[in-house]
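Chemist: predicted model, plus sequence, below.
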There are 2 protein chains.
Amino acid sequence: MAELIGNAIVGQSGGPTAVINRTLVGLVEAAADRPQIEAVLGARFGMEGILNEDFIRLSDESAAALKRVADTPGAALGSTRRKPNEELCLQMFEVMRKNNVRYFFYIGGNDTAEAAQIINQKSQAAGYELRCFHVPKTIDNDLRVTDHCPGYGSAAKFVASAFMGDNLDNRSLRGIKINIVMGRNAGFLTAASSLGRTRDDDGPHLIYLPERPITREQFRDDVAAVYDRFGRCVVAVSEGIVDAATPDKKTFAEIIKDALEESEYGDKQLSGSGALGDWLANYLKEELPKGTRVRADTFGYMQRSFPGVVSQVDAREAREVAHKAVEFATAANVDGSVVIKRVSTGAAYAVEYDRTDLANVARDTKCLPDEFIAEDGNDVTDAFRDYALPLVGDLPHIGYLEGMRK
Amino acid sequence: MAELIGNAIVGQSGGPTAVINRTLVGLVEAAADRPQIEAVLGARFGMEGILNEDFIRLSDESAAALKRVADTPGAALGSTRRKPNEELCLQMFEVMRKNNVRYFFYIGGNDTAEAAQIINQKSQAAGYELRCFHVPKTIDNDLRVTDHCPGYGSAAKFVASAFMGDNLDNRSLRGIKINIVMGRNAGFLTAASSLGRTRDDDGPHLIYLPERPITREQFRDDVAAVYDRFGRCVVAVSEGIVDAATPDKKTFAEIIKDALEESEYGDKQLSGSGALGDWLANYLKEELPKGTRVRADTFGYMQRSFPGVVSQVDAREAREVAHKAVEFATAANVDGSVVIKRVSTGAAYAVEYDRTDLANVARDTKCLPDEFIAEDGNDVTDAFRDYALPLVGDLPHIGYLEGMRK
């Protein structure tokens, strides 16, 4: 393919993260270094901004503004969950042609990669020369090919920190505490709840992942056993846990939603974000000895948006994947997605970057591998800790009274 | 009263905070300086520890351990919500006599102050000479007499930060977002959601407090008006908001709970912590145009336990109230509670400390004063910001693209 010269469009798509703006700023920085890219146009609200010709000239932003934006959670350009079809693609190519756009960088997860893939295919079919790159971000860490995803380390740090605090809260006022963590199909973020444990009796004492279906009775028995042993129990539950007792392996969230919708009383009004945690807590209250203190919290959007809780490794890599995307798209003149390869583990943690085809990242996702899940299915392994700790970096330091050690 | 010489018991009671251990460490530091206090015994799980003679000798803790504990959220000694009665008091005096205890410091909120008051009264009645001091802590900020309470500044910083992040999340993916904040009877913590706003269109756009009953229809109309104006709406709702439409001014949380318990389907299982937020979100979904994106999160225990999110002013004062409690109890040889008096406002913020009788702090609490609540009842005033900002200190810095300013 001939070398392309023109403007670039950058967009953000899907749920925001703590570091998605570092990727945005990284793209602007790297593009400034490349003769093939003239100006960088930021599309407001992802592909909506292309369709509406609603751009911000990112090349005109001051270095000071970009520095502040890089440190800010949320998608600075605005985001979207809309998917392109052929008609929308043709509309977008019209706008791109008008604005002399030859490079398209789309920051997001698997749905965003699929959107980039569709735009890429349609541009080829339409004979509109365009380099399409997907730049990875997702707190779910579920993209294929790559070792891990920018956005995960910071969200994992938030979840690990929250469980460290909640474990101390549960030591103070004992009882059973359930926390629902994001990640509908992959357990990576729920697994991160384990990373702050330092003592044998630290919570979370049980970790339930979407990869391991359970029955409610198993869940109850597991919790009761921990409660008997420690007088308290902190439980991490993925929002996507699956009921092993249903023939079609429905998620608990779906079962609760269906039950409420069937309810004559119209209590479908309650099938909201807190329903899974509340249902599990109330199930335990009914099944365990009367008066057992059981509480549930659902972490919600804070996991992806809390300012100031950022992994330094994650922040660095979120910028670096952007630099690589620009490099691949211009120097190598190819389409694709950026992948991170871990080349050294543990304290010597180091990565390299590579390119893969959009088809390898689009749509389908990956799960937590078996080696990261403990045999009983209700905890993670040391292999997971070795994998995740370098991505998360420093965690808060916790102090105990020496007299409490006994 | 004659000067008393003997050991001191320290206990923590009620919900933990991010800085309650600073108060604990402050008591140990100050006691070390006082000839009247020989050893400091930490009662594990508050009065339970006294009843069970379950103590940690805090005077034997290393300075390094105390330094780490001061930086750690949660109640390092463990906490309790149990209240004393005459019989329990007599049992406790037995243990105190045996351990030569003449000073009792109880760290907590209004219930803890009441417990201290009961113990104080019963010790006088029993002729057991004991100095009883309540040392204030509560994220609710609802203690009477004092200007504000240790624990509030840090929890308020967490809530303000969380709303800053969530406002950015809501800018990225637009819609209506409801966040439920702790504080059953007093709106101080919910009001803190406002502290991170810097732009005219920053959320929370609406703030609902327990002090101002509303109807669901008012709530809906307020949200719809903001949504019409900005295309999005972030709402802060206290867990204790009251339904103005009920004759006896029930809280929404009570109404939802009652409705579920009456439901044949047994959906009382869902009357948990997420129910209020979910109910409000689903109510809006039904009332507003179909397809309107509405979400709710309930902040939960993170507000009081998240490690690392600490107000420096709050941390300093949490230590200082302990020093003052020891000073009053030994030098002045009186019972009571420590109160903070603000002597200078704004950037020159400064406080002094004073003593008040236990009866003035025990049991009854205070609400957000009228001057802190906006006329429409759905926001706070500048007077609240002036009051709360010095307690919270630095908040995260947020950057925007210059092109987005337009």
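Modeler: On my side now, so go ahead.
Chemist: check contacts around the residue positioned nearest the centre of chain A.
Modeler: Nearest to the geometric centre of chain A sits residue A:139, at 1.3 Å (CA atoms, centre = their mean). Taking CB atoms under 8 Å, 6 or more residues apart in numbering or on different chains, we find residue A:139 in contact with A:15, A:17, A:151-152, A:154-155, A:182-183, A:189, A:303-304. C-betas here are computed from N, CA, C, even on glycine.
Chemist: okay, those residues in TSV with secondary structure and neighbour count next?
Modeler: Below are the contacts of residue A:139 laid out as TSV (DSSP: H, G, I helix; E, B strand; the rest coil; neighbours: other CB atoms under 10 Å in any protein chain shown):
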residue	secondary structure	neighbour count
A:15	coil	25
A:17	coil	34
A:151	coil	31
A:152	helix	29
A:154	helix	30
A:155	helix	35
A:182	coil	21
A:183	coil	27
A:189	helix	30
A:303	helix	25
A:304	helix	27
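Chemist: columns pLDDT and distance to residue A:173 on top of these, output as TSV?
Modeler: Listed next are those as TSV, based on pLDDT from 0 to 100; distance: CB to CB, whole Å:
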residue	pLDDT	distance to residue A:173
A:15	94	33
A:17	96	33
A:151	98	33
A:152	98	32
A:154	98	29
A:155	98	27
A:182	94	26
A:183	92	28
A:189	98	26
A:303	95	24
A:304	95	28
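Chemist: tell me which element residue A:296 falls in.
Modeler: Here residue A:296 sits within strand A:294-298, counting by DSSP states H and E.
Chemist: neighbours of residue A:22, how many?
Modeler: 28 (other CB atoms under 10 Å in any protein chain shown).
Chemist: can I assume it sits in a strand?
Modeler: No: counting by DSSP: H, G, I helix; E, B strand; the rest coil, residue A:22 is not part of a strand but helix.
Chemist: that one against residue A:72, yeah?
Modeler: No: look at residue A:22 against residue A:72 with CB atoms under 8 Å: they stay out of range, at 9.5 Å.
Chemist: ok, back up a step: nearest spatial neighbour of the residue nearest to the centre of chain A, chain-adjacent residues omitted?
Modeler: What sits nearest to residue A:139 in space, not counting adjacent residues and going by CB to CB, 6 or more residues apart in numbering or on different chains, is residue A:155, at 3.6 Å.
Chemist: surely residue A:149 meets residue A:135?
Modeler: No: counting by CB under 8 Å, residue A:149 stays clear of residue A:135, with 10.5 Å between them.
Chemist: and residue A:188, how many neighbours?
Modeler: Residue A:188, neighbours per other CB under 10 Å, totals 32.
Chemist: for it, what are phi and psi?
Modeler: Backbone torsions for residue A:188, taken as degrees, to the nearest 10, come to phi -50, psi -50.
Chemist: measure it to residue A:360 for me?
Modeler: Here residue A:188 is placed at a distance of 19 Å from residue A:360 (CB to CB, to the nearest Å).
Chemist: do residue A:43 as well
Modeler: From residue A:43 across to residue A:360, the span is 24 Å (CB to CB).
Chemist: looking at those two, which one has more neighbours?
Modeler: residue A:43 (30 against 17).
Chemist: for the stretch 251-400 of chain A, which residue gets nearest to chain B?
Modeler: Closest to chain B within the stretch 251-400 of chain A is residue A:274: 1.3 Å, counting by CB to the nearest CB.
Chemist: in contact with that residue, which residues?
Modeler: With CB under 8 Å, 6+ apart, residue A:274 has these contacts: A:180, A:296, A:298, B:272-275, B:277-278, B:296, B:298.
Chemist: redo that, cut-off 7 Å
Modeler: A:298, B:272-275, B:277-278, B:298 (CB atoms under 7 Å, 6 or more residues apart in numbering or on different chains).
Chemist: state the mean pLDDT of stretch A:191-206.
Modeler: On average, the pLDDT along stretch A:191-206 is 97.
Chemist: now it: buried residues?
Modeler: By neighbour count on 16 or more other CB atoms under 10 Å in any protein chain shown, the buried set for stretch A:191-206 is A:191-197, A:202-206.
Chemist: what of stretch A:399-406?
Modeler: For stretch A:399-406, the neighbour count (16+ other CB under 10 Å) marks A:399-404 as buried.
Chemist: quick check: which of those are also close to chain B?
Modeler: A:399-404 (CB under 7 Å from any CB of the partner chain).
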